[in-house]
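Engineer: Here is the input, now give the coordinates:
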Amino acid sequence: MTDPSVVNSTFTLEHDYAFSPARVFAAWADPATKARWFGGKAAEHHELDFRAGGSETTRGRNNEGQTLTFATSYHDIVTDHRIVYSSTLSVDGTPVTISLTTVLLEPHGDGTTLVLTEHAAYLDGHEQPEWRQQGTRSQLAALADELATGTS
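Structural biologist: Coordinates of the predicted model:
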């Protein structure tokens, strides 16, 4: 058993998209679109109720066969501008990271600058802040790919 520990960390990522805030926001709000770029091919289950008070669950397996569940509660949504949510990442039902995330969509020329800030508690050494930051960066790149395909 791992000794109880917690690492607190905050990071901010910015990503520019050549699409309007409305188009970027829609890629977060539509369940089928969000499942493609957020969960990716590894996700076995995805459900989204995108509204303040709503929730989202993404479930899949890691390389060791453990079940990863990312459960989100949406607290504040301002159409085309802001999304605030809290999430718990669990491995086989054990919470390993608990986070609060704010996503801002800022018009930038003909496109959008997305600013994502996450505050997280990483529990008992199961995940590291650098891993989460890299994973989030990869998801924002997957969002760019999704927008570029024109399917969202």
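Engineer: contacts for stretch 36-46?
Structural biologist: Applying C-beta atoms under 8 Å, 6 or more residues apart in numbering, the set of residues contacting stretch 36-46 from outside is 27, 31, 34-35, 56-61, 139, 142-143, 145-146, 151-152. Yep, even glycine has a C-beta here, placed from its N, CA and C like the rest.
Engineer: what about it, start to end distance?
Structural biologist: One end of stretch 36-46 sits 9 Å from the other (C-alpha to C-alpha, to the nearest Å).
Engineer: from the middle of its chain, how far away would it be?
Structural biologist: Distance of stretch 36-46 from the chain centroid (C-alpha atoms, centre = their mean, to the nearest Å) equals 11 Å.
Engineer: tell me the SS of the residue nearest to Leu89 when sequence neighbours are not counted?
Structural biologist: Among residues not flanking Leu89 along the chain, Thr97 sits closest, at 4.3 Å (C-beta to C-beta, 6 or more residues apart in numbering). Under DSSP: H, G, I helix; E, B strand; the rest coil, Thr97 falls in the strand class.
Engineer: mind checking how far Thr97 is from His119?
Structural biologist: 11 Å (C-beta to C-beta, to the nearest Å).
Engineer: residues of the longest helix belonging to the chain that come out buried?
Structural biologist: Using DSSP state H, we find that the single longest helix of the chain is helix 129-149. For helix 129-149, a neighbour-count test (16 or more other C-beta atoms under 10 Å) marks Pro129, Arg132, Gln133, Thr136, Gln139, Leu140, Leu143, Ala144, Glu146, Leu147 as buried.
Engineer: sorry, back to before: between Thr97 and His119, which is the more surrounded one?
Structural biologist: Thr97 (23 against 14; other C-beta atoms under 10 Å).
Engineer: just wondering, since we're on the more buried one, how far is it from Ala52?
Structural biologist: From Thr97 to Ala52 the distance is 23 Å (C-beta to C-beta).
Engineer: One more: Ser87?
Structural biologist: Taking C-beta to C-beta, one finds Ser87 at 15 Å from Ala52.
Engineer: who's more crowded, these two?
Structural biologist: Ser87 (20 against 13).
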